[in-house]
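1. coordinates only, sequence not included:
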């Protein structure tokens with residue numbers, strides 16, 4: 001194990017949504033289309049992205065509108 005290490009910085013990155021996606025989601029909803037997002041991102045990251053592109057609305061309950069894929073498996077187990 002190394003000792004006396006010093007943290008000198010942190011780096012983060014974000015992939016911005018593509019141009020037109022938020023407006024397209026609004027248009028689709030206006031046409032009666034239910035828009036969903038399936039992603040491999042961490043749940044909190046996926047929620048932030050969904051909010052940015054209008055998939056999740058301010059009135060949506062995140063507890064029931066967003067879920068980790070483990071909730072889709074019987075007993076949370078891989079098949």
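-> That came through, no problem. Fair warning: this is a prediction, and the values are worked out from it, not measured in the lab.
2. before we move on, which element is residue 50 in?
-> Per DSSP states H and E, residue 50 falls inside helix 43-52.
3. which parts of that helix are buried?
-> Buried residues in helix 43-52, defined by neighbour count with 16 or more other C-beta atoms under 10 Å: 46-47, 49-50. From N, CA and C alone the C-beta is placed, and that goes for glycine too.
4. got the contact list for the residue nearest to the spatial centre of the chain?
-> Central residue of the chain (C-alpha atoms, centre = their mean): residue 46, 0.9 Å from the mean position. If a contact means C-beta atoms under 8 Å, 6 or more residues apart in numbering, then residue 46 has 37, 39, 66 as its contacts.
5. now with 6 Å?
-> With contact taken as C-beta atoms under 6 Å, 6 or more residues apart in numbering, residue 46 is in contact with residue 39.
6. now it: how far from residue 38?
-> 9 Å (C-beta to C-beta, to the nearest Å).
7. quick revisit: ok, so of the buried residues of helix 43-52, who is nearest residue 17?
-> Set against residue 17, the nearest of the buried residues of helix 43-52 by C-beta to C-beta is residue 49 (7.0 Å).
8. does residue 25 count as helix, strand or coil?
-> Of the three states, residue 25 takes helix according to DSSP: H, G, I helix; E, B strand; the rest coil.
9. who are the contact partners of the closest residue to it other than its chain neighbours?
-> Excluding the flanking residues, the one nearest residue 25 by C-beta to C-beta, 6 or more residues apart in numbering is residue 54, at 4.3 Å. By C-beta under 6 Å, 6+ apart, residue 54 lies in contact with 22, 25-26.
10. what stretches of this structure score poorly on pLDDT?
-> 76-79 (pLDDT under 70).
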